[in-house]
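Peer 1: Here is the input, now give the coordinates:
(chains A and B)
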Amino acid sequence: MHALQQQYWSIRDYLSPVLKESKFKEHGRITPEEFVAAGDFLVYKFPVWSWEKGDPSKARDFLPADKQYLVTRGVPCLRRASSLAYTDAEEDAERLLTFDDSGPSDGDEWVETHAGRKSNMDASNPGEIKDIPDDGHQDDLTSGMGGLSVDEVPGEIPDMDDIPDMEEEDLEAGDEATAAPKTSNVIDASQVEVASGNLLQVRTYDVMITYDKYYQTPRSWLLGYDENRTPLTPAQIFQDVSADHAQKTVTIEPFPHHSSLQAASVHPCKHASVMKKVIERMNNSVIAEQLAQQQKAASSPKESKKKWPFSRKSGGSKDAGTPTGEDEEVEGMRVDFYLVVFLKFIASIVPTIEVDSTTAF
Amino acid sequence: MAPTIVQFAPLPSQTHPSFWHKLTELKLDVLKLSDAEVDIIGSYGVGKLIKDREGGPGAYVGVTGSLSVEEQSFGQGHPPSISNIAAKGTVKNYNTIEEFKAADKTKLFNEAADKIWTSVQTTKSTSLLNSFLLITFADLKKYKYYYWFAFPAFVSTPAWHIDSDAGWSSVSAPNSGLAHNQLTSIHDQLSKSSKSLPYFLVRSSDPEVAEIVPVEQYDPQTDSSSAIGFIDPSAQAQNPGWPLRNLLAYLRALHPNISVAKVLCWRDAEVAKEVGEWKSRIGLLTVGDGSTPTEVKAASTRPNAVGWEKNVQGKLGPRMADLAPMMDPARLANQAV
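Peer 2: Numbering: from 1, shown residues only, chains lettered A, B, ... in the order given. Prediction:
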């Protein structure tokens, strides 16, 4: 059934046209050009990200050959999202939030569960994603994913019984200059005991961002490794996805730029609407900031340089031709910033994976 | 003032699932029954210190950089950067688990170590210093991959020591000899370099800038105060990473009279936001503990080498990657319906 569905998705993806017109502020979707521009900005600002060309036979022709998707490797994940222990106090700290300050109206509120904790910025918990898309297989899929038990984790340590006689301690004599894996001043994560008594098992993730032609949004993919750097199973990956999303929006799919790789993916069906809301919110504050800076710039011209990064010239975006200078019109948030915002959104789905290195903003 | 032996943090390996996919492809379509060695390119980056948001202020968790191999390892590798230092290696895939078990590992390891040593002696180049060896057996029916990495490193006799009181200190410390601007300029040069620079020499005559030159240009006459830098995958405060071992061996092989070395362990992937937040470390190493005069050994004989990676249990043994949950069509279908 799933294979059929994937077939259906790939045909739907093939038939859907490439988005040409920039509308990211209106509906949260972006064009491939804007994806590249936003990606360039991300790579420029945060060098941990880089462009990849992927498998040439899987290249999408609406993206430059050497800029097919974005990747960052070895993203640390200190704790399991499923093991984040919430105390009663923290549960009381849940707040119902809404984007619209005029009052709750059309069900746009969402619960902020981390109210008591320090949040990186307002946009870090942008809402809840409820459904799997429109294609009628919803029930099968959710019940299928629901049947997956996250608790049934196979042993963390691979079973070595298959190769019993292969320990060769005499292969090497002891070497005094080799650091023992456990020494006193090691801050190696696997030995750090945290206050809650949880033993830290630092996993690392490779995070990829591709462009989804059908949903016209970026789509994120996760490949995980445990503390011994062996690949994680799907069930183990779900431990790092916040409980609201693990059974619904995160699934294991074939990675589109590779012939046979499977990776966990956050389904993009609601990305556009969530991004739209976050962008609207941010846009307002950015405009306010820009206005303030423009006024300042009027009095002291040198201040205008501070407007970067919001006013940075972007390569392929529509409004690249806007004249710069003192009398520049206030344009609000640039599309370059899209992926930075997107990362904050992803960070709310996988709260313990430190994908969001952009806390400076 | 008691010198202690410098202990190096072993380099952990990381195999990307795409590496096994590619190896499977290669095995079925190209290698078939051949178990010839295949050249690959791995990569490693600097060790990272991650702020633990739940561990209170100032709580950091170190994540050691690992040598990773992936699909691109069979081709050109990645474009070089501080996070992608290229390391040449060979992979030898056995046809059966019995052959994998019976492989003459001592011989393979010695060959790999010899290759590094010969290149040091003949070409005086550092290009093979971080090379590695990988033996594998792919159980294609069960999607299980047995593998064992070796990172040959020469044992220095007498060993390198560091003053136990001074130890390795942060480059942000005022007495590190490197100012903020110099560190920024080192970072700029490392990140802008078009080729991978696992080892480098820092010449800092000017208090504002520091010049980076390939370590091959080391001149014992003029470089006595220069720092010898390397991209350090270790994240442990008092243990430099594995690649330093061969760098020191290289320097002693070509300049047998070296008895003191100022070593810069470069651990900053990004420019520090504040003056005091550089993560790189610096230390002054001496040969021997000073109790016995260092004897100058004939530089042509290859020192002993160590470097088989330990398995998950900390024993010398192979590791296994079980990709069935991610590759087996039956199991994928099962959880996806």
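Peer 1: drop to CA atoms for contacts and neighbour counts, all remaining ones
Peer 2: Noted.
Peer 1: Would you verify that B:Arg245 is located in a helix?
Peer 2: Yes. In this structure, B:Arg245 lies within a helix as judged by DSSP: H, G, I helix; E, B strand; the rest coil.
Peer 1: all helices of the chain, in order?
Peer 2: Using chain A here. According to DSSP state H, chain A carries its helices in the segments A:2-15, A:24-27, A:32-45, A:88-92, A:138-146, A:234-238, A:243-246, A:271-299, A:338-349.
Peer 1: not what I meant, chain B
Peer 2: Counting by DSSP H, residue ranges of the helices within chain B are B:17-26, B:97-102, B:105-123, B:180-192, B:243-254, B:324-327, B:329-336.
Peer 1: now the fifth one against helix B:105-123, angle please.
Peer 2: The directions of helix B:243-254 and helix B:105-123 differ by 50 degrees, with axes from the mean of the first three to the mean of the last three CA atoms, to 10 degrees as the criterion.
Peer 1: re the thing from before, deepest of the helices of chain B, which one?
Peer 2: Ranked by average neighbour count under the criterion mean count of other CA atoms under 10 Å in any protein chain shown, these are headed by helix B:243-254 at a mean of 22.
Peer 1: Tell me if that helix is near chain A.
Peer 2: No. Counting by CA under 8 Å from any CA of the partner chain, no contacts exist between helix B:243-254 and chain A, the nearest distance being 9.2 Å.
Peer 1: and that helix, what does it pack onto?
Peer 2: Using 3 or more CA pairs under 8 Å, 6 or more residues apart in numbering or on different chains; DSSP states H and E as the contact criterion, the secondary-structure elements in contact with helix B:243-254 are helix B:105-123, strand B:144-154.
Peer 1: from memory B:Gln14 sits against A:Arg229, does it?
Peer 2: Yes. With contacts counted by CA atoms under 8 Å, B:Gln14 reaches A:Arg229, the gap being 5.5 Å.
Peer 1: out of the helices of chain A, nearest to A:Gln68?
Peer 2: helix A:32-45 (8.7 Å; CA to CA).
Peer 1: what's the pLDDT at A:Tyr14?
Peer 2: Per-residue confidence at A:Tyr14 stands at 71 (pLDDT).
Peer 1: burial count for it?
Peer 2: Summarising burial for A:Tyr14: neighbours were counted as other CA atoms under 10 Å in any protein chain shown, giving 12.
Peer 1: can you check B:Ala2 too?
Peer 2: One way to gauge burial is a neighbour count; for B:Ala2, by other CA under 10 Å, it gives 11.
Peer 1: Now for it: which residues touch it?
Peer 2: The contact partners of B:Ala2, taken as CA atoms under 8 Å, 6 or more residues apart in numbering or on different chains, are B:163-165.
Peer 1: burial measure for A:Lys248, as a count.
Peer 2: The local packing count at A:Lys248 equals 21, with neighbours defined by other CA under 10 Å.
Peer 1: From A:Gln7, how far off is it?
Peer 2: Using CA to CA, to the nearest Å, A:Lys248 is found at 20 Å from A:Gln7.
Peer 1: what does A:Ser57 give?
Peer 2: Here A:Ser57 is placed at a distance of 18 Å from A:Gln7 (CA to CA).
Peer 1: who has more neighbours, those two?
Peer 2: Taking other CA under 10 Å, A:Ser57 and A:Gln7 do not tie; A:Gln7 has more neighbours (12 against 9).
Peer 1: show me where pLDDT drops low in the chain?
Peer 2: Because you didn't say which chain, this covers chain A. Under the criterion of pLDDT under 70, the regions of chain A flagged as low confidence span A:1-3, A:19-23, A:82-166, A:169, A:181-200, A:246-247, A:297-331, A:357-361.
Peer 1: Not quite, go with chain B.
Peer 2: For chain B, the stretches with pLDDT under 70 are B:1, B:53-58, B:290-299, B:331-337.
Peer 1: how close does B:Ser169 get to A:Gln293?
Peer 2: Spatial separation of B:Ser169 from A:Gln293 under the definition CA to CA is 42 Å.
Peer 1: ok, now B:Ile116?
Peer 2: For B:Ile116, the distance to A:Gln293 equals 59 Å [CA to CA].
Peer 1: same question, B:Leu248
Peer 2: Taken as CA to CA, the spacing of B:Leu248 relative to A:Gln293 amounts to 54 Å.
Peer 1: do B:Asp29 as well
Peer 2: 62 Å.
Peer 1: neighbour count winner among those two?
Peer 2: A:Gln293 (18 against 9).
Peer 1: Skipping adjacent residues, who's closest to the residue nearest the centre of chain B in space?
Peer 2: Residue closest to the mean C-alpha point of chain B, counted by CA atoms, centre = their mean, is B:Pro243 at 3.8 Å. Spatially, and ignoring its direct neighbours in sequence, B:Pro243 is nearest to B:Asn130 (6.0 Å; CA to CA, 6 or more residues apart in numbering or on different chains).
Peer 1: you'd agree the one you found is up against B:Lys88?
Peer 2: Yes. Using CA under 8 Å, B:Asn130 is in contact with B:Lys88, at 7.1 Å.
Peer 1: Comparing the two, which shows the higher neighbour count?
Peer 2: Residue environment comparison for B:Asn130 versus B:Lys88 gives the larger neighbour count to B:Asn130, 25 against 19, counting by other CA under 10 Å.
Peer 1: Give me the distance between that one and A:Pro254.
Peer 2: When distance is defined by CA to CA, B:Asn130 is 34 Å away from A:Pro254.
Peer 1: ok, now A:Glu168?
Peer 2: Taking CA to CA as the measure, A:Glu168 and A:Pro254 are separated by 38 Å.
Peer 1: Between these two, tell me which one has more neighbours.
Peer 2: Legend: neighbour count by other CA under 10 Å for A:Glu168 and A:Pro254, higher for A:Pro254 (18 against 12).
Peer 1: got a list of what the residue nearest to the more buried one when sequence neighbours are not counted touches?
Peer 2: Taking CA to CA, 6+ apart as the measure, A:Pro254 lies nearest to A:Gln262, with 4.3 Å between them; neighbours along the chain are not counted. The contact partners of A:Gln262, by CA under 8 Å, 6+ apart, come to A:252-255, B:326-327.
Peer 1: Pick the one among these closest to B:Ala103.
Peer 2: For the contacts of A:Gln262, the residue nearest B:Ala103 by CA to CA is B:Met327; the value is 27.8 Å.
Peer 1: Just confirm that closest one contacts B:Lys144, I think it does.
Peer 2: No. With contact taken as CA under 8 Å, B:Met327 and B:Lys144 are classed as non-touching, separated by 10.0 Å.
Peer 1: how does chain B divide into domains?
Peer 2: Residue ranges for the structural domains of chain B, counted by automatic domain parsing, are given in the record as B:10-156+B:299-336, B:160-287.
Peer 1: I'd like those domains laid out as TSV, including distance to A:Arg73.
Peer 2: Compiled in TSV, the domains of chain B are given as follows (distance: least, CA to CA, whole Å):
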stretch	distance to A:Arg73
domain B:10-156+B:299-336	9
domain B:160-287	13
